[in-house]
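Trainee: 3D model of this:
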Amino acid sequence: MDRDHQEQTVPSSSAIKLYGHPMSPYSARVKVLLDFAQVPYDFIPVDLGRGEHLLNEFRRLSPFGKVPVMVHEGFALAESLVINRYLCDIYHLDDIYPSESDHMARQTRARIDQLSDYFSAHIGKFLLDPAWTNSLAPQLDLSGNPEEASVATKKIARPLREINFWLSDKRFLMGESFLLCDINAAPFLDLVDKSGLDFSEFTHVQNWANRVRERLANARGITAKKN
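Mentor: Numbering: from 1, shown residues only. As a prediction, the model looks like this:
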């Protein structure tokens, strides 16, 4: 268990409570940021197989019945990309997501958002479908959808070629700096092996993925500052 958070089924005294599923890359996206920024939090598992996300108690936190949901001092927020932007703002994580202090900072934030949204919609989603069918669903004794996995496998080729070209002269998605868009992509990079897809031709994507993993493994590059 990570020393910076507690994994439990009942709330404790941490300011941040994260409701999610241990195998969800969307839940992992928020956990990666919280761990990187050394923000203490409680992780509260939601059993999707038993339909806990559909219960009225959970839907009071997440009206659409989705994980993850973050609760901060009574404020509940869903959607992992939105949660991470909120966390960066309240904990002043300016090194990876600059505050809106000037025009240049606003443009940097917009580019980080653009890359985060693009990766999530066009690569992350199409990695998740085959990974779910080929690896994740069997672990939960559930059935995948081979037809959806096959469609996703075909659709992912073009965005992978595009992001591979984008990374041809960059260490990270925005250049030399490791930023929130790299963190937002990180959990989906771990789905590559589970998806069964052949990434051998996307060398720039592979090199970037290795740098992201190394950055997360070797350093907690920033420390959160509370308001």
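Trainee: CA only for contacts and neighbour counts going forward, please
Mentor: Fine.
Trainee: show me this protein divided up by domain.
Mentor: With domains defined by automatic domain parsing, the chain comprises 5-90, 103-218.
Trainee: so how far is the first one from its chain's centroid?
Mentor: This means domain 5-90. Relative to the mean C-alpha coordinate of its chain, domain 5-90 is positioned 12 Å out (Cα atoms, centre = their mean, to the nearest Å).
Trainee: ditto for the last one
Mentor: The gap between where domain 103-218 is centred and where its chain is centred comes out at 10 Å by Cα atoms, centre = their mean.
Trainee: quick one on the thing from earlier: possible to save the domains of the chain as TSV with distance to residue 96?
Mentor: Listed next are the domains of the chain as TSV, based on distance: least, Cα to Cα, whole Å:
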stretch	distance to residue 96
domain 5-90	8
domain 103-218	4
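Trainee: show me what counts as buried in stretch 53-71.
Mentor: Using 16 or more other Cα atoms under 10 Å as the test for burial, stretch 53-71 gives 53, 58, 61, 62, 65, 66, 67, 68, 69, 70, 71.
Trainee: out of the residues you listed, list just those in strands.
Mentor: Among the buried residues of stretch 53-71, the members found in strands (DSSP state E) are 69, 70, 71.
Trainee: dump the domains of the chain to CSV, plus mean pLDDT.
Mentor: What follows is those, written out as CSV (pLDDT from 0 to 100):
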stretch, mean pLDDT
domain 5-90, 87
domain 103-218, 89
